[in-house]
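Peer 1: Fold the following.
(chains A, B and C)
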Amino acid sequence: MHEVTLDDLEFSYSDGNLVFKNVNISIKNPQLVSIIGPNGVGKSTLIHCMNRILSPTHGTVLVDQKDVSEYKIKELAKKIGYVPYAAKDTFPMTVVDTILMGRNPHKKWNSLHEDLVIVEEVMDMMDIRPLAMKPFNELSAGQHQRVMLARGLAQEPEIILLDEPTANLDIRHQMDVIRLLKKLSVEKNIVVVMISHDLNLAAKYSDNIIMMSKGSIYSIGRPIDVITAESIKAVYDVDSDVIMREGRPFMIIKDNEFIDVEIPESCIVERTDLREHGE
Amino acid sequence: MVSDLEMEYRAYTFRKLIIIFVFLIGIFIAAGISLSINGMDIGFWDCYNYVWNHIIGTEYELRTPEWRADYMLWNIRLPRIIMAIIVGIGLASCGVAMQSLMSNPLADPYTVGISDGACFGAVSAIVMGFTLTTALSSMGVVISAFIGGLIPAIIIIILSRIVNLTPATAILVGIALSYIFSGMETVVMTSTDADTLKAAYLWQIGTLNGATWEKCLIPAIITAVCSAFLLFSSKNLNLLVLGDESAKSLGLNVDQFRFLCMIVVSVTVAALVSYVGIIGFVGLIIPHVIRMIVGANTKFLIPASMLGGALFLLVADLISRTVVYPDELRVGLVASIIGSPIFLYIILKKKQRYGEVF
Amino acid sequence: MEMSELESKYRQWYSKKKTITIALFIVSLGLSFGSIFIVKFTGLTPNIVWDIIVTHLNGGTYDVFYYDLIIWEYYTPRAIMCIIAGAGLAVGGAMMQTLMRNPLADPYTTGVASGASFGAALSIYLGIAIIPTGSNQMDITINAFFLSLIPTAAIVAISKRKTITPTTMILAGIAIMYVFRASTSIMTLTASPESVESLYMWNVGTVSSARWDNIWIVTITVLTSCIGLYALCSKVTIMTSGDRSARSMGVNTTVVRVACLLLIAFQTAMIVSFTGTIGFMGLVAPHVARIFVGSNLKYLVPASAVCGAFILICCDMVAKGLTSGLPVGVITSVIGGPIFIILLIKGAKKVWY
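Peer 2: The predicted structure is shown next:
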């Protein structure tokens, strides 16, 4: 149960450009997995191969030991949920309607009541209840993101794939989202696979990390093994210090050029309404 | 020292220029072929010889074979070729402009209702008794068509000053105007007898027949001004595609520019339509085809489209003249019938997704 | 069944829309019935009209043949045709716009109308009938129907490809339309003025060819198509967020797209074969409906149907009552146009980006 296996996976675009090859990964049991790596290295492509949005040019993806290409689209949608990055709608609908779309794999023609119960549950989880009847295009970017997440959760998936779920969110909501994802993996037995650019957030909460680089997997394993100064330098070409905090690695960017730069006295930004009172 | 980047950029631009140059040669050849199909058995280079001679002022003795040839080539064939080039340039470049102005790949020069307005104007004139047989009369039709074509454009331009219209809404208003005018046209058509109705209907089908140097004059001037304007504005047209906000933040006065562009395009298209009728396809499809060849940068897209449009129309006119020789199949029809399958073939051949990011 | 506050709010939001839709439907039916009474013949008073209708409902026929013919054979089916055609075109338009993610789409976008026109031209100009029946009218209709399936087949074939985008589909539809239009025009060049006039009139769009023996087939087609489209509408709504998202939510995008196009084309072809190309309905009615009920197809489809029926019956009443027998297609353009523009100016911000 709850197994995803990628077997000798390879993907190239139709014009011949190779994205990645020789990808062999096995994810067993509910957990939170982060996929990290530089832009353009194929993280989104990898996720899209997992739920059959894209077909790999070679290799197979097995979910619960069954090849994904053998699943019917609706069946697969019951198992795997997908939360995209940045939503755009031509015809904006209300938030509730948008989340209701996620019920598609499960719903029957008269299941509106049951669907709404789940929608409500999911909206509470994402703290967007007050936005219920608002049109989608009146929301801020962060609210968009949470509605998209809610939609994915409404699918009641066993596996959920997220493309940068914490982008555009302030730190409060980033924390909320990733804590929620962690709880989902622990309490609801969901395999959560998320693409992230925030190395520290990934390190703190993930059970495992997949680090990709230039067409292949650079390393896979526990955060403490994957996030090292060497690997960050090799993959991102960024100098860093990695320290341990509460049992997890924490990386700090080092910039050898701007060290102890003095702030000139003349650079001033101040509140002008306080001056009259204070001085 | 020129950097690598600069070299690459220059090579990149150079390629586009080559394509434009190829188009020019194509036009030269097509025009030559068109000239040489003339029932008088004058070969390709001889035709150009005659043209050149006429330009430098050679005169022939009246009624000699040379005189006849010169007369026919200069007064009958050449104006038609020039007209084809003018209309091709005008429609294609206005098509590109419209697509940028409306940020919609489905826009064409007639989108704001100009074609239906012009038809209404022309049909009204024809029904009121103007015919196309006398020069004065046919001028009446032209003027009426021109005014008719401008009315919807003016309505949209005024509306866009008063109310804040998004491009999508503007297009919808344009379509509504098209319907209104074609409805009015129907009212006029139903009030008349069958012969006039047929004449009015036929006016709409675009043709270059009967082109004379006098007829070329006004379209030539208007198209020249329009082309110059669009060529100079290509940078601004590029900015528009980024979206109004981005364009403004890059220094473009969006409202004013749109206003100006709309006026130029409307006047040009209305003028062209008044003279030749509705030639569809060139304004919509040619920009798309050219975009696939030279890319979306209007700096190259506009000149390439102009030449591509001219070339296409020349070839279409050539075919329309020869396929049922000595009769003529109107160029508007030939453009659609030949162009569409070719276009379909092209867009289906492309492996990548086309049309997603415009 | 216990309902949470959210659920009751949700249901309330939509019950308002349902009420408006149903109310409009009843009004349209009423107007449709009333339109039968709009007669411009001397001697045909509303009382007589009422008598005729009652007589027929009781199974008999009215004794004055001419009156009976006009009211029962011509006007009554015509009233029904307005409702059916208006609804059918509007539903087709709503689905097309959502499917193509483009506010400019309408049921004619795939070129169906130009194919039908070409078919009609074949019959009117050249006397070619695909299935010759005795009547001229029937020939035109059959030709129009079969010929309009060609653009449909082409678009369906094109839309099966993986790399298709809505824009490509529309462009392909436009290209096909150009070919058919040009072919029709070629025939026009050599046709007699009278036939040109006939074809032109057919093109403009009229409901006056509705009779009892042809109304049933249009009704059945439109009803079945609309039901079919309605069943698909939740999937189409999901497809607006993009093919990828839709697939990840369990929607087989290719199948849904092809099915919708087929249904819309079939229904539109049937309507157009009988009425000619009544413009504007398929484009405008969904927009108007959208202002009242929003973009969710589940409510937009019925609302569009009702809007379309309402607009068409109103235009027909104007055509019958205020003009000397102008075809209804003219009225929809001339009156519908300005009203649409006013609505656009007022409501534009709410509905589109």
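Peer 1: what does the stretch 101-250 of chain C put close to chain A?
Peer 2: The interface of the stretch 101-250 of chain C toward chain A, taken as Cβ under 8 Å from any Cβ of the partner chain, is made up of C:101-102, C:234-235, C:237-238, C:240-242, C:244-245, C:247-250. C-beta: built from backbone N, CA, C; applies to glycine.
Peer 1: again, only using 10 Å
Peer 2: For the stretch 101-250 of chain C, the residues found near chain A under the criterion Cβ under 10 Å from any Cβ of the partner chain are C:101-103, C:162-163, C:166, C:231, C:234-235, C:237-250.
Peer 1: Sitting in helices, which of the residues you listed do you find?
Peer 2: Counting by DSSP state H, the members of those that fall within helices are C:166, C:231, C:234-235, C:237-239, C:243-248.
Peer 1: Buried ones among the residues of the stretch 101-250 of chain C next to chain A?
Peer 2: Among these, the ones that count as buried by 16 or more other Cβ atoms under 10 Å in any protein chain shown are C:101-103, C:166, C:234-235, C:237-250.
Peer 1: and chain B, which of these contact it?
Peer 2: Of the residues in these, proximity to chain B by Cβ under 10 Å from any Cβ holds for C:N102, C:P103, C:P166, C:D243.
Peer 1: List the residues that contact the first one.
Peer 2: Spelled out, it's C:N102. With contacts taken as Cβ atoms under 10 Å, 6 or more residues apart in numbering or on different chains, C:N102 has the following neighbours: A:T90, B:N104, B:P105, B:L106, B:A168, B:I171, C:M96, C:T109, C:P166, C:T167, C:M169, C:I170.
Peer 1: Could you export those as a markdown table, including distance to B:I18 and secondary structure?
Peer 2: Listed next are the contacts of C:N102 as a markdown table, based on distance: Cβ to Cβ, whole Å; DSSP: H, G, I helix; E, B strand; the rest coil:
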| residue | distance to B:I18 | secondary structure |
| --- | --- | --- |
| A:T90 | 39 | coil |
| B:N104 | 30 | coil |
| B:P105 | 26 | coil |
| B:L106 | 30 | coil |
| B:A168 | 37 | helix |
| B:I171 | 35 | helix |
| C:M96 | 42 | helix |
| C:T109 | 37 | coil |
| C:P166 | 34 | helix |
| C:T167 | 29 | helix |
| C:M169 | 33 | helix |
| C:I170 | 32 | helix |
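Peer 1: So among those residues, where is pLDDT lowest?
Peer 2: Across those, the bottom pLDDT score, 50, is held by A:T90.
Peer 1: The stretch 101-250 of chain A: strands as residue ranges?
Peer 2: A:159-163, A:191-195, A:208-213, A:216-221, A:240-245, A:248-253 (DSSP state E, counting those that start in this stretch).
Peer 1: Which one of those lies nearest to C:V284?
Peer 2: C:V284 sits nearest to strand A:159-163 of all these, at 38.5 Å, using Cβ to Cβ.
Peer 1: Please identify the pairing partners of that closest one and their relative orientation?
Peer 2: The strands that strand A:159-163 pairs with in its sheet are strand A:80-83 (parallel), strand A:191-195 (parallel) (by DSSP bridges).
Peer 1: immediately after the first one, which helix or strand?
Peer 2: As assigned by DSSP states H and E, the chain's next helix or strand after strand A:80-83 is helix A:95-100.
Peer 1: For the residue nearest the centre of chain C, list the residues it contacts.
Peer 2: The structure's chain C has its C-alpha centroid closest to C:L89; by Cα atoms, centre = their mean the separation is 2.0 Å. With contacts taken as Cβ under 10 Å, 6+ apart, C:L89 has the following neighbours: C:106-108, C:205, C:222, C:264, C:267-268, C:271-272, C:275, C:277-286, C:304-305, C:308-309, C:311-312, C:332.
Peer 1: quick one: pLDDT of the residue nearest to C:G250 when sequence neighbours are not counted?
Peer 2: Beyond its immediate neighbours in the sequence, the residue positioned closest to C:G250 (Cβ to Cβ, 6 or more residues apart in numbering or on different chains) is A:A77, lying 2.9 Å away. At A:A77, the predicted lDDT confidence score is 87.
Peer 1: ok, now which ones touch A:A77?
Peer 2: A:A77 sits next to A:51-52, A:71, A:102, A:104-106, A:155, A:157, C:246-251 when contact means Cβ under 10 Å, 6+ apart.
Peer 1: Over in the stretch 251-353 of chain C, which residue gets nearest chain A? Let me know.
Peer 2: Per Cβ to the nearest Cβ, the residue of the stretch 251-353 of chain C with the smallest distance to chain A is C:S295, at 3.7 Å.
Peer 1: Let me know the secondary structure of that residue.
Peer 2: Here C:S295 takes the coil state, with states given by DSSP: H, G, I helix; E, B strand; the rest coil.
Peer 1: thinking again about what came up before, from the ones next to chain B among the buried ones among the residues of the stretch 101-250 of chain C next to chain A, which two are the most distant?
Peer 2: For those, the maximum inter-member distance is 19.3 Å, found between C:P103 and C:D243 (Cβ to Cβ).
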